[in-house]
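J.: Give the three-dimensional model of this entry:
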Amino acid sequence: MTARKAKLADIGDIALGLPEVEEGTSWGRPAYVVRKKSFVHFREPRPDAVDPDTGERMDDVIIVTVADQDDKEALVASDGPWFTTPHFDGYNAVLVRERDLGKLTRRELEEVITDAWAARAPKRLVAKFFDEA
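T.: Numbering: from 1, shown residues only. Below is the predicted model:
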């Protein structure tokens, strides 16, 4: 049995399934937030993320929070679609393009989004969620 590939709609389904998550905005762009802190953010095209094939700014970049630099380095070094740019040096987040979500399984995406939520949500809320899971 093959695991289902992740889709764009999975991001909202997963994020909104976590405690106290709302759809919101961050820097004027769509985001998923927990207690006013974004953990998944749809990024505007920027000069630091250029498509190597077209030379155009990437217009489908998603920012996903990570707990720390070790998690960031592990995801970027993995075989997955995660990447970073110099703009994000020292910032606890990884990037992924919408077009590359299918390189992940839904389960892999769920794990990364849940970890992102846990990195931004209050510690008591995170503990309660994982105790009940």
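J.: Against Ala49, how distant is Thr114?
T.: 25 Å (C-beta to C-beta, to the nearest Å). All C-beta atoms are positioned from the backbone trio N, CA, C, and that covers glycine.
J.: Could you pull up the contacting residues of the residue most central in space within the chain?
T.: In the chain, the C-alpha nearest the mean C-alpha coordinate belongs to Val64, at 2.4 Å (C-alpha atoms, centre = their mean). If you count contacts by C-beta atoms under 8 Å, 6 or more residues apart in numbering, Val64 has them with 39-40, 93-96, 112-113, 116.
J.: nearest residue to it other than its sequence neighbours?
T.: Excluding its sequence neighbours, the residue lying closest to Val64 (C-beta to C-beta, 6 or more residues apart in numbering) is Ala116, at 5.0 Å.
J.: what's near enough to touch the one you found?
T.: For Ala116, the contact set (C-beta under 8 Å, 6+ apart) comprises 39-40, 64-66.
J.: and the residues you listed as TSV, adding pLDDT, secondary structure and distance to Pro86?
T.: Formatted as TSV, the contacts of Ala116 follow (pLDDT from 0 to 100; DSSP: H, G, I helix; E, B strand; the rest coil; distance: C-beta to C-beta, whole Å):
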residue	pLDDT	secondary structure	distance to Pro86
Phe39	98	strand	22
Val40	98	strand	22
Val64	98	strand	18
Thr65	98	strand	18
Val66	98	coil	17
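J.: Need the max-distance pair from those.
T.: Pairwise distances across those peak at 11.4 Å for Val40 and Val66 (criterion: C-beta to C-beta).
J.: Out of these two, name the residue with the larger neighbour count.
T.: Per other C-beta atoms under 10 Å, whichever of Val40 and Val66 has more neighbours is Val40, with 25 against 22.
J.: give me the beta-bridge partners of the closest residue in space to the more buried one that isn't next to it in sequence?
T.: Once flanking residues are discounted, Val40 sits nearest to Tyr32: 4.4 Å by C-beta to C-beta, 6+ apart. Going by DSSP bridges, Tyr32 is paired in beta bridges with Glu23, Val40.
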